[in-house]
Structures are given as C-alpha cells and as structure tokens.
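Enquirer: Please work out how this folds:
(2 chains, ligands or ions: 3)
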Amino acid sequence: MSAPRMTINGVPVEFSPGQTILEAAQSAGVSIPTLCHYPDTRPTGACRVCVVELEGARSLVPACATYSAPGQVVHTDTERVDAARRMVLELMLASGNHNCLICEAGGDCELQALAYRYQIDPPAFGKPPGTTYYYEDNNSMIIRDFSRCIQCARCVKACTDRQVNLAIAVGYRGAETTIVAAGDQPYIDSECVFCGECVQACPTGALLDKHARFLGRVWERQKVRSTCPYCGVGCQIDLQVKEGRIIQVTGADAVPNRGRLCVKGRFGWHFVHHPERLKTPLIKENGSLRKADWEEALNLVATRFAELKDREGPDKIGGWCSARITNEENYLMQKFMRAVLGTNHVDHCARL
Amino acid sequence: MTNSIGELEWADCILVTGSNTSETHPVIATFIKRAAYLHGKTLIVIDPRRLYLVRHAHLWLRQRPGSDIAVLNGLMHVIIRDNLQDHDYIARRTENFDALKETVARYTPALVEQVSGVPAADLERAARLYAAAPRAAIVYAMGITQHTTGTNNVISLANLAMLCGNVGLESGGVNPLRGQNNVQGACDMGGLPNVFSGYQAVTDPAKRWKMEAAWNVRNLPDWEGLTLTEMLPGIAEGRIKALYIIGENPVISEADADEIINPLKELDFLVVQDIFLTETGKLADVVLPAASFAEKDGTFTNTERRVALVRRAVPPVGQSRPDWQIICELSRRMGYPMDYAGPEEIFEEIRRVTPSYAGVTYRRLEQEGGLQWPCPHPEHPGTRFLHQDRFTRGLGRFFAIDYQEPTELPDDQYPLILTTGRVLYQYHTGTMSRRAPGLVEKAPECRVEMAAADAEAYGIQDGEMVRVCSRRGEIKVRAQVSFKAIPGTIFIPFHYYEAAVNRLTIAALDPVAKIPEYKVCAVQIRKLRPSPPKAAAAAEAESHGGSP
Ligand code: SF4
Ligand code: SF4
Ligand code: SF4
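Expert: Ligands and ions are numbered 1, 2, ... in the order given. Modelled structure (predicted):
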C-alpha cells in the first residue's frame, strides 16, 4: 500500500497516517515556524504561530494541531499566513517586557528569531510603563521571569507529557492566565522536582538556569556531548563550556533520554570545578599527608607494590575498580592487577 | 537490563518492585510514567513504601519488607491455578516447570496475606493483570538485591517473567536498574574477582591463554579472587596486605570504624586514587589525584548495556590526570610498559579480547550515538533485548524457591523496620552531589522518613532531631513525616556521613552475591530530648540552616 499524499506549497508529498500538517511538512523539508510545538508532547495549538492556509477551510488552521488527510492542499507561506503570524508575534512582543539586550536567552530565543525573520518593529501598543510581572528568584536553580513569558505552555507540556511530573499547569482565566505550580506556590515550595525540563523547553528567557546566568552568551559557548556521571541511566548531556569551565548542562536529544535529564544531571556538575578538588599527589609522612610531585608518588607506589608482591606474594594485594571511571580505565585496572601484580582480588562496589 | 529503557514506554504492563525509580533513575521513571499516564498501560508497584510512582500505579502491593518471595510465589500460584501461564513458551523454552509448580502450589493468597500483609484480593488482581498483558516488563533494583535472600529474589522474578513468556521479547523482560553510572561497564570490563572482560572466567584455561597471548604475559593467576565485602575482613585475617582503591569511598564516617577504618589502618600499604580527598583517602599512604569525567575521553556503559562516549570538555584541574594515564605510568615503572596513545587505543584492545564489544568502535559511537552489547562485529546493529530465541544456557530453567524470613525482625525492644536507600537529590556518599548548591538546597541533611502514625505514637514532631538505634549502633537524625512511609517502617538514606545509616544495618550477606542486607533491620526511635528549650531549638535550627 502506498503512503497517502497531500500537497504542500504546490508540491505533492507523502505523509504517514497520524502525522499533523506540521510534522508532514517537516518530513517533506518545509519548515513551519512554531513556538508551542514540542516533540514527545501532545499538541495544544496554543501559540497560533504555525497557522497555514488549508484549501476548503474558512479560516487559517494551526498546523501543529491539525492532522494530515489525503488530498489536502496546504499553503504555508502566503501573504495571509504571513500577516496572521506577524499579528501574533506583535501581540506577544507587546504582552511583556521583551528587552533582548539584557536577556539571558538573547541569540537563543525563538521569539527573537521569529521577530527577526518577520521583521517585527518594537511594539506600538505595549503595556504601560511600570507594569510589573511575576518574578521568582528564591531557589538556587531556576528563575521564573514572566515579563518574558508568551504563554505558549511548552513548560507545562514538558513537565506533564515528557517528565510526567505534573508540577505545573496553566492557571487562572482570561487576562489573568499564567503558569502556576500547585497552589500557585513558588517552585521551591511546590511538588516541582527541579528536573529543569521546563527551562530547556521554554522558547524565551522566561525560565532560566540560574547557575548559568551572566556566564556566557550562546555564541560564546562550546557544546561538548558526553554522558551523565551520576546514575546508571547514562543520559546524554551537552556540557556547555566557556573558557575552560562548564557553565551549564543541558539534555541532548539522543538515546536514551531524548533531551530529558533529572536534577542531578542538570544541576549537579559543580564538583568538577570545586575548590576542594585534589590537585597534587599526597604522601603520608609521620601520620599526615603532604604534597608530592608525580615522580615521587608514582615511584613510591611502584616500589612498594613490587616489594610487597615479592615479600608477601601477589595474592596479598587487592585492587578496587570503580563505577565512576570509564570502561577503558576499568579494563586497564584489572589488566594491571592481573598481568602486572598477579592477583585476581579485583572488585568494585556493585554490591553496595 | 534484558531490554531497553525506551521500550518500557510501550509495555502493556510494567511491574516495578524494589526500585524507587522516580528518585534513583528519574529519567527511566519518565518512560514508565508515560506508559501509565499517557498510554493508559498497567503499572503495578510492589514496595513497602508509598513511592512517587505509586501515584501512577493501578495497583500498589505493600508487602512487609523482606517478604518478596512470598508475594512473587503468590502471584505465580494464582497464575498457575487459573491456568494463565504461557504454555507454549514454557514447553519450548524452559525446563523444570513442575518443580516450580509444586512449590508455588503452597503459596495460596490467604497464606501470602498472612506472611506479607498483601491483601489476597490485590494479589489475585495483580496476577491477572500481569498475566493478561501481551508484553509485560519487570523493573527492579537494590530493593530486591540488598537482602540475605537477594539472589533468590532475583530468581523468583525471572520465574515469574518466564512463566508468562515475557523474556526475549520487545518491551518485556526482567530489568535490573544499575545504581551508579558505570557499574555495568566496571563489570563488563572484568572489574570482578572471577572474570576478565566480557565475563570470561579466570578459571578457564583457554580464556587465560587467550589473555596471556593478548597481553604478552605468562602465568596469569588461575584462582578466583576475593570480593570487596570479603577483602575487608581478609585484612584482619592477614589475607590482604595492600590495597589500590580507585574512585571508591567505603569509609563514610567514623561509624565504620570496626568494619572498614580499622582494617584499612592495618594494611601495609594503601593507595587511593580519586578526585577529592575522601574519608578513605585520608587513611592512605599515597593519594593520587584523578581527573573527573569532564576532563577526559572514554566510554561508559549504561544499565541497558549501551556503550556511549564520554568526552573531554575542560582541562584537568591542577596536576590531576586521567585514571588510565596513572595506571599506565605505574605499570611502566613496574616493568610492564603500557603505551597507549589514548583511550581509543585502549578500547581497540578491549574489542579484540571481548567478544560482546567486538563490533563497537569510537567511530560508530560518534556516528550512531551509542551501541548496546552484545555487538559482535562491526556490521552488527547492537542488541536491544536479550534472549530473543534462546537463553544463554539454552533452555530457561525454573528454580523452586521458598520464602525465608529476613535475618532480623522487629520485636518489643526494636519495634520498627528500617530500610535504607537513596533520595532524588543526593547520590551515593555525596562526594559529588553534596558539592552542588541546588542539590544541597533540596536535601541538605539526613532525614528519617516516617509515617504520621508512627510520629504520633512516639511523640515526635516533624523536623525535630531523633535518635535511631539498632542492636549495632545509633545515629541522630532529623525526623520527616512523609507520605511515602507506612506505619511500622522507617527509611533513612545513606548519603550522609554525619548520620551514617550503615552503622545501624546488619552485616548479614547474601550467600551467593555477597550483598549486605541493607533493606531490613529492626530499630527503635526516640526523641533526642524530652522537650527542647526554645533557645536550644533556635540554635540548632541555625546550625542546620546554613550551607554545610
Ligand atoms: S514560561 Fe516559557 S515555556 Fe512556559 S508558557 Fe511562558 S514562555 Fe512558554
Ligand atoms: S523543573 Fe521539572 S518538575 Fe519542576 S516545573 Fe519544571 S518540568 Fe516540572
Ligand atoms: S540525568 Fe539523572 S537520570 Fe539521567 S543519568 Fe544523570 S542522574 Fe541518571
């Protein structure tokens, strides 16, 4: 059976049943802008940036929440579509205080990118000066700055559908609508478990990783793909580095986690640069440890191991591998113990 | 894990037991929760605590700690009694079914209710839900293994899975979740007393010859070594004189004096290699500074057997060096040069001597982003789930297992059961997690989780300091009335040296796996002082309020 077909911008394309117009267009290489769509979550059609013309439909339809059907004829780039998107974007920009100069998300903000693409002027009908917005900065990990919130509800979808933590929801009605944690509490007093999925999902600077604030713009950072050092899930992470220091960790869109992290993976990396890190070898002398250089320390260990092996026998020496070092290092450790020291007393703490 | 993490989302039924997944493996929990919450699949939780996952469960069986085998045998009793087992699978792929059938016949729901406290009706429902699911996955962790009957607990789970034909298919299986990030890799690489990398036995002469040829050495030791839990007592017996410890911190606190500190002090020579000066490091003759994961290249293997790259993102601090370089330096000085240009070259050697890793290369990991072993050759896509057509040994064998009581049960003097484990915001002994401001903010100190009913019974207020004692010792810890706890059982995490819970737990080991019974012992709990004067309470609040 051949795949069903539809027409996008005059080109016939195939789609798989169950795909939305947005997804069908994406598979066909046509990009439709959106601010609320987020992979692995249910569509909400909240932001209305992804509207397209569907022949036969009276009004524009949201591509993220309309399912593809055989024979549909869709236009993603008409003047009518552009005008509608401009209107939506202007309203969003006018609804808050979108001052990109000092926003942490600058250069990484999807609203900013669309404003640029559709050449939106600064809002003509902004809120009166002195308008205040909800601002939450009473925990050490996440800042909520709703002067930049466009109510796309991606954070809610990330929390509900991707993490299933059910910590936040769209609350209140009409002009009062805002994102709330249970009981309209700050995150720190709520059920929030600080996985930071909402921060990663937010298209603007409304939710921020507090540790990374003011430490580097997106274009100043290198991203290094690695594996989380904590639990056995082995989440794939992007270490964001500036000038030899990690400034933020984000979830990589890769197996097994597909962008997700937990609080340890996202906010637990400080040990790497902690001042108490060991920086030189230490040797015990008269009951206390003193600094030593590598030559001295390595020679001492090698000599003592050789001596003990001769005097007591190889089966009197044991070695502990570790669940925190790499495969290569564990392999070398057991090779060293077995081939060089001649002992099989090799284990690690899997049992504890 | 026999299966993959992502497959859990598509299982028809997930049975989670002895795993506080949403705190210890949070991202795996997201897939389990998605199955239940978004796709309406069945989630059964068997656990003494009301874990976060229970919120999404269709059925929560709350067994008495340590009565797991009774419950599992009860489930199998109902399944066989009602003829719900997978006859075809049992006939084709398993053996010794009759022995199992005979044993579980005695575990009637009524008896199981008596032993475990799980209502017979719930047991019946759980059995039918599990058996009815075309693809059912079992997920477990230390809550199953850290018992004197740990090995038998694991076998019982395998019995249950095979009974319903759930091993060897997508979204099914028996899935142990590994606690620390590279425990799987440490085992795979031969960080065990009895095997080389890839679980090749050191007692098998053919395997030894193979390694001798690969390593260009002669006379590799042919005896099985001691486990970690045997090496420590081995010191007092004079069987161990020197230890080389990498990245482990067995000494959490002074409380470990008898079992760990004193033996380590008796060693002729102790080398500790780590990223921080741990309590264990302080006892060492030589401490070697290692680079952290972010400062070196290499691979980790996760709990679903997936090998993934670790990449150097920042330079090593101070003079610290990657562990592999330190080992090479030592080896060279001892007359056996190890000249590797880098981790990739070491990995190439691993591939040559380890059949299950033979098809994995750094290049493939770069391009494909992770590969699951067994991956025997470079064209092999990796293995998402194990035992598809046959078990490693051919037929899957049922073992008839009987319930056995935990070593120590509560009595008049020690009326409460203590179980131990992890909390979401901390990790192991805290060397890494207690240095992150956010994690410290959420979990600054050790807290004993207790049910409101127990708090009331002992006159304890939420947040006050209490004393918890067992026959072996006592600790002071802050009380936290928690919805997770059920009356009669309290929980203390093991991350905190100031309140080292292992001082209370019992040293009884599982006879096969040599894993200690950390999940059940008997304790009593008392107020620290009758009624704290206001000034003292305020001072105490202050001393605990700041960052540690
Ligand atoms: S906080 Fe961010 S993700 Fe949430 S609704 Fe506002 S803009 Fe969208
Ligand atoms: S941090 Fe995680 S749990 Fe908290 S609101 Fe965001 S997504 Fe939900
Ligand atoms: S991010 Fe969390 S769940 Fe993922 S590997 Fe790290 S500790 Fe485990």
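
Enquirer: low-scoring stretches of the chain, by residue?
Expert: Because you didn't say which chain, this covers chain A. Chain A contains residues with pLDDT under 70 at A:1, A:124-126, A:350-352.

Enquirer: my bad, the chain I had in mind was chain B
Expert: B:253-257, B:530-548.

Enquirer: got the domain boundaries for it?
Expert: B:5-177, B:183-372, B:416-544 (automatic domain parsing).

Enquirer: So the shortest one, near ligand 2 or not?
Expert: This points to domain B:416-544. No: between domain B:416-544 and ligand 2, judged by C-beta under 6 Å from any ligand atom, nothing touches; the nearest distance is 10.8 Å. Heads up, the C-betas are built off the backbone N, CA and C, glycines and all.

Enquirer: most distant residue from the middle of chain A?
Expert: Within chain A, the residue lying farthest from the chain centre (C-alpha atoms, centre = their mean) is A:Arg311, at 55.2 Å.

Enquirer: Could you check which helix or strand contains that one?
Expert: helix A:294-312 (DSSP states H and E).

Enquirer: quick one: buried residues of that helix?
Expert: Across helix A:294-312, burial judged by 16 or more other C-beta atoms under 10 Å in any protein chain shown covers A:294, A:297-298, A:300-302, A:304-305, A:308-309, A:312.

Enquirer: Stretch B:74-85 now?
Expert: So for stretch B:74-85, counting by 16+ other C-beta under 10 Å, buried means B:74-80, B:84-85.

Enquirer: now do stretch A:52-70
Expert: Buried, per 16+ other C-beta under 10 Å, within stretch A:52-70: A:52-54, A:60-66, A:68.

Enquirer: what's the first-to-last distance across it?
Expert: One end of stretch A:52-70 to the other measures 17 Å (C-alpha to C-alpha, to the nearest Å).

Enquirer: just stretch A:128-143 next, same as before
Expert: Terminal-residue distance, stretch A:128-143 (C-alpha to C-alpha): 24 Å.

Enquirer: Any residue of that stretch touching chain B?
Expert: Yes: using C-beta under 8 Å from any C-beta of the partner chain, we find that stretch A:128-143 touches chain B at A:139-141.

Enquirer: The stretch 251-352 of chain A: helices as residue ranges?
Expert: Counting by DSSP state H, counting those that start in this stretch, the stretch 251-352 of chain A has helices at residues A:263-267, A:294-312, A:327-335.

Enquirer: ugh, typo on my part, it should be the stretch 101-250 of chain B
Expert: B:109-116, B:120-132, B:142-145, B:150-163, B:183-188, B:205-215, B:228-236.

Enquirer: which helices and strands does the first one pack with?
Expert: Translated: helix B:109-116. helix B:68-81, helix B:120-132 (3 or more C-beta pairs under 8 Å, 6 or more residues apart in numbering or on different chains; DSSP states H and E).

Enquirer: and what of the last one?
Expert: In terms of contacts (3+ C-beta pairs under 8 Å, 6+ apart), helix B:228-236 is packed against strand A:317-320, helix B:262-266.

Enquirer: wait, which of these is closest to ligand 1?
Expert: strand A:317-320 (45.6 Å; C-beta to the nearest ligand atom).

Enquirer: picking up where we left off before, format the buried residues of helix A:294-312 as CSV; extra columns: distance to ligand 1.
Expert: Listed next are the buried residues of helix A:294-312 as CSV, based on distance: C-beta to the nearest ligand atom, whole Å:
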residue, distance to ligand 1
A:Trp294, 49
A:Ala297, 51
A:Leu298, 52
A:Leu300, 56
A:Val301, 53
A:Ala302, 57
A:Arg304, 59
A:Phe305, 57
A:Leu308, 61
A:Lys309, 61
A:Glu312, 64
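
Enquirer: show me which of those neighbour chain B.
Expert: Applying C-beta under 8 Å from any C-beta to the buried residues of helix A:294-312, those adjacent to chain B are A:294, A:297-298, A:300-302, A:304-305, A:308, A:312.

Enquirer: Highest neighbour count among the residues of stretch A:128-143 next to chain B?
Expert: Within these, neighbour counts (other C-beta atoms under 10 Å in any protein chain shown) peak at A:Met141, which reaches 23 neighbours.

Enquirer: What are the phi and psi values at that residue?
Expert: phi -110, psi -40 (degrees, to the nearest 10).

Enquirer: What sits closest to it if chain neighbours are left out?
Expert: B:Gly438 (4.1 Å; C-beta to C-beta, 6 or more residues apart in numbering or on different chains).

Enquirer: circling back: using a markdown table, lay out the helices of the stretch 251-352 of chain A together with distance to B:Glu445.
Expert: Listed next are the helices of the stretch 251-352 of chain A as a markdown table, based on distance: least, C-beta to C-beta, whole Å:
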| stretch | distance to B:Glu445 |
| --- | --- |
| helix A:263-267 | 17 |
| helix A:294-312 | 36 |
| helix A:327-335 | 33 |
